[in-house]
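**Student:** Whatever this is, show me its structure:
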Amino acid sequence: MGRHSLPDGEARDGGRSRPRVRRRTIAIATMLVLAVAAGTGIAAQSGLLSFATSCEDPAVRLDVVASPDIAPAVREVADRAREKRIRSDGQCMDVRVTARENYQVAQELAAGRAEPGYEVWLPDSSVWAERAKALTERVPLTPAGNVAVSPVALATVHSAGSALGWPRKTYTWAQLTQAATATDRVRLGSADPDRSATGLLALTSVAQSVGKAGGPDADTEVAATAKLLSQRVSDADAKVVGTLAPGKSGKGGGDPLSNQAVYLSEQAAFAYNSATRDSARDLDLFYPKDGAPQLDYPYNLVDESRLSTDEGRAATRFMGLLGETEARRTLTAHGFRAADGEAEESVVSTAGGRAPQPYAPSAVTAQPLPTDALQETLGTWTITVQSARLTTVVDVSGSMQQPVPGREPESRLDVTKASLLQALRQFTPQDEIGLWEFATGLDGPNDYRKLVPTARLGAPVKGEGTQRARLSKAFKALAPVPDGATGLYDTTLAAYKEARATYAKGKFNALVLLTDGSNQDRFSISRSELISRLKELTDPDRPVPLIAIAVGPDADQAEVDEIAKATGGAGYQVSDPAEIQGVILKAIMAVGQTGRTAAQE
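**Tutor:** So this is what the prediction gives:
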């Protein structure tokens, strides 16, 4: 079978001998007439039959927005359905396919300012639907199945592949990334994980692999990988392949801005190699042996409740067409695997896969990555790429002494401190973090006290090593004020004023506030006054979103969410303080995307 060949169609019968031809012909003809008549009735009822005559009624229009990589194949299927007059409930279908970047559609749906102009969204990964849902529920998405899959792997130019031992040597994600970044022989790049499911799935797989390998520096290794990638990142998948430069690797090997290896989907490698028409420039593909995550191309109905009956049925009919044999051949010709993961040898070989690389479906498929792991990776990426400036404000009122169910005798504050220390390890030396504490009567007339000024974690601190060491010590020393109540409103306003006044350009600025209760200071400003003053302080050009985390069952999430949204931030609730670390990273991801927009509304 040639590199670019597709499976041959089934062979047809040749001639037959002719004894008793008249009797057999009459019998066969009768059976065919009956079969065709019955089949026509069934096909007509189900809308499967393609009629040569023109449509009697206006065609039902269906707009599909698809990921740029799969849009050409889906458009071919749509055009063929239109040419053959494939019907849905007796009506011809006019399916229009538009290619749009996945992250742009996710942001558009999350904003929800106007009705989408399409009935179906086909992104490259379920990551995008989850992202849109995490940010808002304004536009519901109804999954209707998957159209194709494509594993995510590491693509290299030949010189780098040889240096890494392709195809004989196999690696885990952690080992492969470490090998590719250990020396300057291989320059590793990626599409932006904030804008690319491929980049996010790959980086999360690295984090999971490093975590399984263990070691005290696992978080540091992941942050270091993210930092390295951030220096060689591309806006989108289509651009990252353009950074590859065949030739000598290492110092002096071609353009120093080019890459010799990138995280890439199998389909993207297939498309690249198909276009080069030069085997010397083809990519080699490494499939990590601890399993490759997959782009799963989910077919989503967009706000199904607003679809007409005809549109809904046409959308379902078109999804069925995409799973039929002819459409699967079209998808294969474009480098996609079937939705069940079945891999054509022609796709794998063209993409750059060779044995003993574990590219078979049984070897390549990894368990779906947990949503919280993806969110944590994205939060880490946001911090790493942009660097953060966070002032952390922690409730030390008497109620923080309450034990955490299932963790006795640990208190809410004990577990909160441990979670904050764990979160601190995710930040780089360039990130700036400070600490306040609050409770009524804490510092004379003030409900708050500044413990550690916000400064760069790597900055030296006289007598205490670095800002990171000083902050760690301060976290550990936090203690509840036995008779202290929750002075939430005055503290929030004071901390926000300082965060705004000390805004650091070029960094992700935010205020992180943790509380286990509602405001209990009867001498403070009111909630409505606080919200009004926060809105006056916000500046779209210098955004400082408030990330407010309600800790435990007594905290009022609705209250903290209302306050946080006045700044372009968001409120969250955790039942167990141990969840704080993950929520902080999730919040950084979410408000980092929407904070500016919310502050302008």
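
**Student:** any idea how the chain splits into domains?
**Tutor:** For the chain, automatic domain parsing gives the domain ranges 60-139+298-335, 150-295+348-369, 387-600.

**Student:** wait, which of these is closest to residue 381?
**Tutor:** For the domains of the chain, proximity to residue 381 was assessed by C-beta to C-beta; domain 150-295+348-369 is nearest, at 4.9 Å. Heads up, the C-betas are built off the backbone N, CA and C, glycines and all.

**Student:** Look at the closest residue to residue 147 other than its chain neighbours and say how many residues are nearby.
**Tutor:** Once flanking residues are discounted, residue 147 sits nearest to residue 297: 4.5 Å by C-beta to C-beta, 6 or more residues apart in numbering. Other residues near residue 297 come to 27 when the count uses other C-beta atoms under 10 Å.

**Student:** Ok, residue 488 next?
**Tutor:** By the other C-beta under 10 Å criterion, the neighbourhood of residue 488 contains 29 residues.

**Student:** Make sure it is actually in contact with residue 515.
**Tutor:** Yes - assessed by C-beta atoms under 8 Å, residue 488 is found in contact with residue 515 at 5.9 Å.

**Student:** Identify the contacts common to those two.
**Tutor:** Contact criterion C-beta atoms under 8 Å, 6 or more residues apart in numbering; residues shared by residue 488 and residue 515: residue 395.

**Student:** what sits against residue 131?
**Tutor:** By C-beta under 8 Å, 6+ apart, the contact set of residue 131 is 106, 110.

**Student:** Which secondary structure state is assigned to it?
**Tutor:** Secondary structure, DSSP: H, G, I helix; E, B strand; the rest coil: residue 131 is helix.

**Student:** quick one: it from residue 104, how far?
**Tutor:** The gap separating residue 131 from residue 104 is 12 Å, by C-beta to C-beta, to the nearest Å.

**Student:** same deal with residue 397?
**Tutor:** For residue 397 relative to residue 104 (C-beta to C-beta), the value is 44 Å.

**Student:** Residue 442 now?
**Tutor:** According to C-beta to C-beta, residue 442 stands 46 Å off from residue 104.

**Student:** between those two, which one's more packed in?
**Tutor:** For residue 442 versus residue 104, the count of surrounding residues by other C-beta under 10 Å is larger for residue 442: 18 against 13.

**Student:** before we move on, which element is the residue nearest to the more buried one when sequence neighbours are not counted in?
**Tutor:** Counting by C-beta to C-beta, 6+ apart, residue 442 lies nearest to residue 449, which is 5.3 Å off, once chain neighbours are set aside. Using DSSP states H and E, residue 449 falls within strand 446-456.

**Student:** buried ones in that strand?
**Tutor:** In terms of neighbour count (16 or more other C-beta atoms under 10 Å), strand 446-456 has its buried residues at 447, 448, 450, 451, 452, 454, 455, 456.

**Student:** Quick one: residues contacting the residue nearest the centre of the chain.
**Tutor:** Nearest residue to the geometric centre of the chain (C-alpha atoms, centre = their mean): residue 127, 4.1 Å. Neighbouring residues of residue 127 by C-beta under 8 Å, 6+ apart: 197, 200, 201, 374.

**Student:** so where does residue 198 fall, helix or strand?
**Tutor:** Per DSSP H and E: residue 198 is located in helix 197-213.

**Student:** what's the helix or strand just after that helix packed up against?
**Tutor:** Later in the chain than helix 197-213, the nearest helix or strand by DSSP H and E is helix 218-230. In terms of contacts (3 or more C-beta pairs under 8 Å, 6 or more residues apart in numbering; DSSP states H and E), helix 218-230 is packed against helix 173-181, strand 188-191, helix 197-213, helix 371-386.

**Student:** what stretches of this structure score poorly on pLDDT?
**Tutor:** In the predicted model, the chain carries pLDDT under 70 at residues 1-57, 113, 134-138, 183-184, 215-217, 219-220, 246-257, 277, 364-366, 592-601.

**Student:** looking at it, residue 153 is touching residue 266, isn't it?
**Tutor:** Yes - with contact defined as C-beta under 8 Å, residue 153 reaches residue 266; the gap is 6.2 Å.

**Student:** Need the residues touching each of those two.
**Tutor:** Taking C-beta under 8 Å, 6+ apart as the criterion, residue 153 and residue 266 both touch 285, 353.

**Student:** Quick check: phi and psi at the residue lying closest to residue 485 once chain neighbours are set aside.
**Tutor:** Using C-beta to C-beta, 6+ apart and skipping the chain neighbours, the partner closest in space to residue 485 is residue 520 (3.7 Å). Here is the backbone geometry of residue 520 (degrees, to the nearest 10): phi -120, psi 10.

**Student:** quick one on the thing from earlier: any idea how far the residue nearest to residue 442 is from residue 472?
**Tutor:** Distance from residue 449 to residue 472, by C-beta to C-beta: 18 Å.

**Student:** what's in contact with the helix or strand hosting residue 144?
**Tutor:** Assigned by DSSP H and E, residue 144 falls within strand 141-146. Applying C-beta under 8 Å, 6+ apart, the external contacts of strand 141-146 come out as 109, 121, 126, 129, 132-133, 296-304, 315-316, 319, 323, 339.
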